[in-house]
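J.: below is the sequence, then the predicted model.
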Amino acid sequence: MKTPTVNSVTHPSSTHFLLFVFSILFAYACQRTEATAQELLKGFKATPNASVSSFQALLSDSTDTFSLGFLRVNSKELALAVLHVPSSEQLWLANPTQLAPWSDRTQLFFNGSLVLSGPRERLFWSTETQGDRVVLLNSSNLQVQKLDEYVSILWQSFYFPTNTLLENQNFTSNMSLVSSNGLYSMRLGSNFIGLYAKFNEKSDSGQIYLRHKALEAKANIIEGQGAIYARINSDRFLGMYQVGTIPPVDMLPFNSFQRNITGFVFLRLESDGNLKGYYRDGSKWILDYQAISDTCELPNPCGSYGLCRAGSGCSCIDNRTDYSSGSCFESTSSGDFCSEGEDDYWVLRRKGVELPFKELMRYEMTSYLEQCEDICEKNCSCWGAVFNNGSGFCYILDYPIQTLLGVGDESKMGYFKVREGAGKKKMDVGFGVGIGVLCGAIVVLIGAISFGSCKIWMRRRGVKQILEDEDGISPGPYKDLASASFRSIEMCNARR
């Protein structure tokens, strides 16, 4: 009897079975390692995946709370970003001012430096280090480390914040927070925290619109002892410290200060110029602090030449301009009235206005309004002036006019230069269209009247000729042909 043949597919050998299991485990391990890599070593390379719509993770911290990866911006561009994974909240960007294309020719690699490059070897960003590995800590701090006898930190993202300050991250005088639109910044002074607006692109420092000076309640600032730095404390306050001292020289408490609340905390300079603090409560972010609570106290809530009234919203300094479009005048953010071809302007005056941060503005003492206006008129770098008739303060604006406060006191008066042509295009188009429509209507009306009159004249002329042919006798009914009612009927017919 022949021995039956065993089907290898139905009854695989133990060797095949082990190979099958091993391949599955190997594939899973590779996939798991790629998704949750906790360090990048020399030789690492990555390119954007075309199928990814928002964020492509490349490196995670040990808790999988934070991730470094490619972030899609405007669908076609790329930023190297650190995200809070549960909420997809952006905490840090490597290249906020120079985005790379989302392309397979864009590459992130580590050769001792972490480098983001683009087509034709274009360099977008680099740590410029000679390290051994890249890690992302549980604090969201990205580091390039050197591995010798001990671990040394060559570079870290906490030294280069973008618009966000994180819990236990030191903020020094060498750093700045910059809003995502690039218009506002937060910097440290010798004894204060300042918020600045870049109203004039020719100015490097910007206009300060909020200044919080250290109260020195628990410790005094000792001149020459050390620099000032700020840090978000886990007890929910923004503290100002002096290097070499333990107690804070100032404390800005959050709403949850000294409350038994746990959760990730950060402070952000928003695109409207406000400084806000948040903490994570379960599945949502809670607003925990804001430096400016009144909308009208923000640096520019109503736009160029706008007017903000508490409880009334936005309008325009010029009463004749409608704010419904969301702006008053198209205005430049750079230049002055000194350059060639830039000296043409007209003057806008308004009573009952003042500056939202006048205590931080430059001013001169004048006796009357005309004197204040004259100072600005003769200064080609001056865009406007606000005069207080009660105090004699003349505030000088050396940047394009932003939002002002509307007040009931008409002794506070404003003088503003408006560059020739600002907002004019929109007004001229509307005016031209209106005139065109009016002229067209007049031409049509005149044509209709002329045509009707001509028709009536010809009819009357024809009747008269008939009567003349009939011995000049005019029967009664034909006398009504020239009546007013009939002329109306003719004109109606002519218009049809």
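T.: Good, I have the coordinates.

J.: how about low-confidence regions in the protein?
T.: Applying pLDDT under 70 to the chain picks out residues 1-36, 325, 331-335, 340-343, 422-496.

J.: quick check: closest non-adjacent residue to the residue positioned nearest the centre of it.
T.: In the chain, the centroid-proximal residue (CA atoms, centre = their mean) is Asn181; its distance is 3.9 Å. Nearest in space to Asn181, with sequence neighbours left out and distances taken as CB to CB, 6 or more residues apart in numbering, is Ser271 at 4.7 Å. Every residue, glycine included, has its C-beta placed from N, CA and C.

J.: so after whatever helix or strand Tyr278 lives in, what's the next helix or strand?
T.: For Tyr278, the host element (DSSP states H and E) is strand 275-281. For strand 275-281, the following helix or strand on the C-terminal side (DSSP H and E) is strand 284-290.

J.: element containing the residue nearest to Gln156 when sequence neighbours are not counted, please.
T.: Leaving aside its sequence neighbours, Gln156 sits nearest to Gln143 (CB to CB, 6+ apart; 4.6 Å). Gln143 is part of strand 142-147 when elements are defined by DSSP H and E.

J.: could you list every residue that touches Leu40?
T.: 58-59, 110, 114, 133-135 (CB atoms under 8 Å, 6 or more residues apart in numbering).

J.: do a quick rundown of the helices in the stretch 1-150 of the chain.
T.: Assigned by DSSP state H, counting those that start in this stretch, the stretch 1-150 of the chain shows helices spanning 14-35.

J.: and the strand holding Gln143, which strands flank it?
T.: According to DSSP bridges, strand 142-147 forms sheet pairs with strand 133-136 (antiparallel), strand 151-156 (antiparallel).

J.: tell me which helix or strand comes right after the longest one.
T.: Okay, so that is strand 151-156. Using DSSP H and E, the helix or strand that directly follows strand 151-156 along the chain is strand 164-166.

J.: if we can go back for a sec, mean neighbour count, the strands paired with strand 142-147: which tops it?
T.: strand 133-136 (a mean of 21; mean count of other CB atoms under 10 Å).

J.: thinking again about what came up before, can you redo the strands paired with strand 142-147 as TSV with distance to Tyr368?
T.: As requested, those are arranged in TSV below (distance: least, CB to CB, whole Å):
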stretch	distance to Tyr368
strand 133-136	63
strand 151-156	57
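
J.: so Glu373 sits in a helix?
T.: Yes. According to DSSP: H, G, I helix; E, B strand; the rest coil, Glu373 belongs to a helix.

J.: test my guess that it contacts Tyr415.
T.: Yes. Using CB atoms under 8 Å, Glu373 is in contact with Tyr415, at 4.6 Å.

J.: phi, psi of Leu195?
T.: When read as degrees, to the nearest 10, the backbone of Leu195 gives phi -110, psi 130.

J.: thought Ser54 was touching Arg72?
T.: Yes. Between Ser54 and Arg72 there is a contact under CB under 8 Å: 5.5 Å.

J.: just give the nearest non-adjacent residue to Thr295, would you?
T.: Pro301 (5.3 Å).

J.: and that neighbour, how far is that from Gly206?
T.: 18 Å (CB to CB, to the nearest Å).

J.: cool, Asp336 as well?
T.: 16 Å.

J.: could you do Phe158 as well?
T.: Taken as CB to CB, the span from Phe158 to Gly206 is 24 Å.

J.: ok, Tyr368 next?
T.: 31 Å.

J.: who has more neighbours out of those two?
T.: More crowded of Tyr368 and Gly206, by other CB atoms under 10 Å: Gly206, with 19 against 12.

J.: pretty sure the more buried one contacts Phe199?
T.: Yes. Using CB under 8 Å, Gly206 is in contact with Phe199, at 7.3 Å.

J.: quick check: end-to-end length of stretch 87-100?
T.: Stretch 87-100 has its terminal residues 24 Å apart, counting by CA to CA, to the nearest Å.

J.: what's that stretch in contact with?
T.: The contact list for stretch 87-100 (CB under 8 Å, 6+ apart) reads 54-55, 66, 71, 73, 77-84, 106, 116, 118, 124-125, 140, 142, 157, 161-162, 164, 166, 178, 180, 182, 266, 280, 283, 285.

J.: let's see which of those residues end up in strands.
T.: Filtering the contacts of stretch 87-100 for membership in strands, criterion DSSP state E, returns 55, 66, 71, 73, 77-84, 116, 124-125, 142, 164, 166, 178, 266, 280, 285.

J.: of those, just the buried ones, ChimeraX syntax please.
T.: In ChimeraX, this line selects whichever of the ones in strands among the contacts of stretch 87-100 come out buried by 16 or more other CB atoms under 10 Å:
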select :55,66,71,73,77,78,79,80,81,82,83,84,116,124,125,142,164,166,178,266,280
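
J.: shared neighbours, Glu373 and Tyr415?
T.: 385, 387.

J.: compare the two and say which is more crowded by neighbours.
T.: Remark: of Glu373 and Tyr415, Tyr415 carries more neighbours, 24 against 21, as counted by other CB under 10 Å.

J.: so which elements touch the strand holding Tyr278?
T.: strand 265-269, strand 284-290 (3 or more CB pairs under 8 Å, 6 or more residues apart in numbering; DSSP states H and E).

J.: give me the buried positions along that strand.
T.: 275-280.

J.: sheet-wise, list the partners of it with their directions.
T.: strand 265-269 (antiparallel), strand 284-290 (antiparallel).

J.: so what's the gap between it and the chain middle?
T.: 19 Å (CA atoms, centre = their mean, to the nearest Å).

J.: go on, stretch 373-392?
T.: 30 Å.

J.: what residues of that stretch count as buried?
T.: Neighbour-count burial for stretch 373-392 [16+ other CB under 10 Å]: 373, 375-377, 382-389.

J.: in TSV: the buried residues of strand 275-281, plus distance to Glu359.
T.: Listed next are the buried residues of strand 275-281 as TSV, based on distance: CB to CB, whole Å:
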residue	distance to Glu359
Leu275	18
Lys276	23
Gly277	24
Tyr278	29
Tyr279	31
Arg280	36
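
J.: just the closest of those residues to Ile401, please.
T.: Taking CB to CB as the measure, Ile401 lies nearest Leu275 of those, at 24.0 Å.

J.: under a three-state scheme, what state does Val347 occupy?
T.: Taking three-state DSSP, the label given to Val347 is strand.

J.: and it, what does it touch?
T.: 415-418.

J.: hmm, back to that, surely the residue nearest to the centre of the chain touches Glu270?
T.: No. Taking contacts as CB under 8 Å, Asn181 lies outside contact range of Glu270: 9.5 Å.

J.: re earlier: nearest to Phe393 among the buried residues of strand 275-281?
T.: The shortest gap between Phe393 and any of the buried residues of strand 275-281 belongs to Leu275, at 27.4 Å (CB to CB).
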